[in-house]
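Chemist: I'll drop the sequence and a predicted model, then ask my questions.
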Amino acid sequence: MKNTKYVHGYSDREASRLNDQAKTLDNIIHDDTIFERNSIVLEAGCGVGAQTKIIATKNPESKFVSVDLSEESILEAKKNIKSLGIENVEFRQADIYSLPFEDETFDSVIICFVLEHLHNPIQALRELKRVLKKDGIMMCIEGDHGSTFFFPDSEFAHRAINCQVQLQKQSGGNSHIGRELYPLLNSVGFYNISISPRVVYVDASRPQLVEGFIKNTFTAMIEGVGEKAIEQGIIDNSTFEQGITDLYRTAESDGVFSYTFFKGFGTKM
Ligand SMILES: C[S@@+](CC[C@H](N)C(=O)[O-])C[C@H]1O[C@@H](n2cnc3c(N)ncnc32)[C@H](O)[C@@H]1O
C-alpha cells in the first residue's frame, strides 16, 4: 500500500536522506535506546529501516517487529537489514491505527519521526499502548521545526522551512509535534513520563554534522518539498531557491545551525 499523503514521499533520495539522518543522529537520539534483554520490541513506522539497523544492532538480545504502512519501504528495509546480516528483526506491513497484534504483545514500543506525520497521534498512541504489555515502555522521538535557528539568519530560509510546515499541516501532520510529546503521552495515560530535548548544534568544528545534518538531513528535507510548495503557490521559485542557498550558507566556515529533537519515555500502567 502506498501512502500518497506522506509529505516526504518514497523516492530513492528520501530513502537515502533517512539513512543519512539516522547515521548522523545515532549518538544524539539513540544513546539510551536500550531495551531489556530478551525484550520483544515493536518499531512503528520503520520506513526503509534507517533506525531499525541502529536499534537492532544496539540491542542484539532483543527481538524487533518493525512495521510500516508502505509495502515498498518494507521491501527496502528487509533488503537493507539482510545485507547487514542483522537477524533479530521481522518486518510486516501494517497500519499503526489498526495493528495486527493481540493486546499486550510487546515489552516496548518505539516510534521515531512518525507521529509528526499522523492526523491523529493520540489515536495512534492509544493503539500502540494497546499492544504494549503492562509496565511496558513507550519511546517516542520527534523533531520540532520551530526549534530551528541559524547564522547567518535569513528570512528566505525561514520561508522555505515554512513550506515544509505548511505542507505537513495540509497532509494532516504537525512539524512542531516535538514540544507536544509530554501532553500527548499524558493524555493517553502513560505514567513516569520523561521528555528530554536532544539539541543538534552544528558549527564548522563539527564537520560530520555540517555534512550529515545541515546539508544531508535538514536542507535536503526542505529542498525535497520545493516543487510541491511552488506548485501550490505557498512560495515563489526565487524565494525558495534563495532560502535553500541561505540554508546551505549556514554550512560554511562561519555558519551555525541548531535544531532540537525531543525524546519521550512513558510507562503503561
Ligand atoms: C519520516 S518516515 C520515518 C521512518 C523511520 N522511522 C526513520 O526514522 O527513518 C515516516 C514513516 O511513517 C510511515 N507511516 C505513516 N503513516 C503510517 C501508518 N498509519 N502506519 C504505519 N506507518 C505509517 C511512513 O510510511 C514512513 O515510512
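Modeler: Great, that's in hand. Quick caveat: nothing in here was measured; it's all calculated off a predicted structure. Residues are numbered from 1 along each chain as shown.

Chemist: Close to the ligand: what parts of the stretch 101-250 of the chain are there?
Modeler: Cys112, Phe113, Val114, His117, Leu118 (C-beta under 6 Å from any ligand atom). For every residue, glycine as well, the C-beta is placed using N, CA and C.

Chemist: just so I have it, where are all the helices in the chain?
Modeler: Assigned by DSSP state H, the helices in the chain fall at 12-29, 52-58, 71-83, 121-130, 155-170, 181-187, 207-209, 220-224, 226-231, 237-249.

Chemist: From Ala22, how far out is the nearest residue to Asn80 once chain neighbours are set aside?
Modeler: Nearest in space to Asn80, with sequence neighbours left out and distances taken as C-beta to C-beta, 6 or more residues apart in numbering, is Gly49 at 4.6 Å. Gly49 sits 9 Å away from Ala22, taking C-beta to C-beta, to the nearest Å as the criterion.

Chemist: okay, the two: which has more neighbours?
Modeler: A direct count of neighbours by other C-beta atoms under 10 Å for Gly49 and Ala22 places Gly49 higher, at 29 against 24.

Chemist: quick revisit: wait, the residue nearest to Asn80 sits on Leu75?
Modeler: No - in this structure, Gly49 is not within contact of Leu75 by C-beta atoms under 8 Å, at 10.2 Å.

Chemist: Give me the pLDDT value at the residue most central in space within the chain.
Modeler: In the chain, the centroid-proximal residue (C-alpha atoms, centre = their mean) is Phe113; its distance is 1.9 Å. On pLDDT, Phe113 comes in at 97.

Chemist: Return the distance of it relative to Asp103.
Modeler: In terms of C-beta to C-beta, Phe113 sits 26 Å off from Asp103.

Chemist: quick one: contacts for whichever residue of the stretch 1-150 of the chain sits closest to the ligand?
Modeler: Nearest to the ligand, among the residues of the stretch 1-150 of the chain, is Gly47, at 2.7 Å (C-beta to the nearest ligand atom). Contact analysis of Gly47 by C-beta atoms under 8 Å, 6 or more residues apart in numbering lists Ala15, Leu18, Asp68, Ser70, Ser73, Ala77.

Chemist: rerun that using 10 Å as the cut-off
Modeler: 6, 8, 10, 14-15, 18-19, 22, 66, 68-70, 73-74, 76-77, 112-114 (C-beta atoms under 10 Å, 6 or more residues apart in numbering).

Chemist: Could you do Cys46 as well?
Modeler: With C-beta under 10 Å, 6+ apart, Cys46 has these contacts: 52-53, 55, 64-68, 70, 73-74, 77, 81, 89, 91-92, 110-112, 114.

Chemist: wait, doesn't Thr267 sit right on Val188?
Modeler: No - under the criterion of C-beta atoms under 10 Å, Thr267 makes no contact with Val188, lying 11.8 Å away.

Chemist: do stretch 84-99 and the ligand meet?
Modeler: Yes - counting by C-beta under 6 Å from any ligand atom, the ligand is contacted by stretch 84-99 at Asp95, Ile96, Tyr97.

Chemist: Quick one: mean pLDDT over that stretch.
Modeler: On average, stretch 84-99 scores 98.

Chemist: how about that stretch: buried residues?
Modeler: Ile86, Val89, Phe91, Ala94, Ile96, Leu99 (16 or more other C-beta atoms under 10 Å).

Chemist: go on, stretch 198-218?
Modeler: Those would be 198, 200, 202-203, 209-210, 212-218, for stretch 198-218 by 16+ other C-beta under 10 Å.

Chemist: Export that stretch to CSV, keeping only CA atoms.
Modeler: Extracted as CSV, the C-alpha positions of stretch 198-218 are listed here (Å, rounded to 0.1, in the frame of the first residue of the first chain):
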residue,chain,number,x,y,z
ARG,A,198,18.2,16.5,22.1
VAL,A,199,19.9,19.5,20.6
VAL,A,200,21.8,19.1,17.4
TYR,A,201,24.2,22.1,17.5
VAL,A,202,26.4,22.4,14.4
ASP,A,203,29.3,24.7,13.5
ALA,A,204,32.5,24.2,11.5
SER,A,205,34.2,22.5,14.4
ARG,A,206,31.8,19.6,13.8
PRO,A,207,32.4,18.8,10.1
GLN,A,208,30.5,15.5,10.3
LEU,A,209,27.3,17.3,11.4
VAL,A,210,27.8,20.0,8.8
GLU,A,211,27.6,17.4,6.1
GLY,A,212,25.3,14.9,7.8
PHE,A,213,22.8,17.2,9.4
ILE,A,214,22.8,20.7,7.9
LYS,A,215,23.3,19.5,4.3
ASN,A,216,22.1,15.9,4.0
THR,A,217,19.3,15.8,6.6
PHE,A,218,17.7,19.2,7.2
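
Chemist: Having no further points to raise, I will conclude here.
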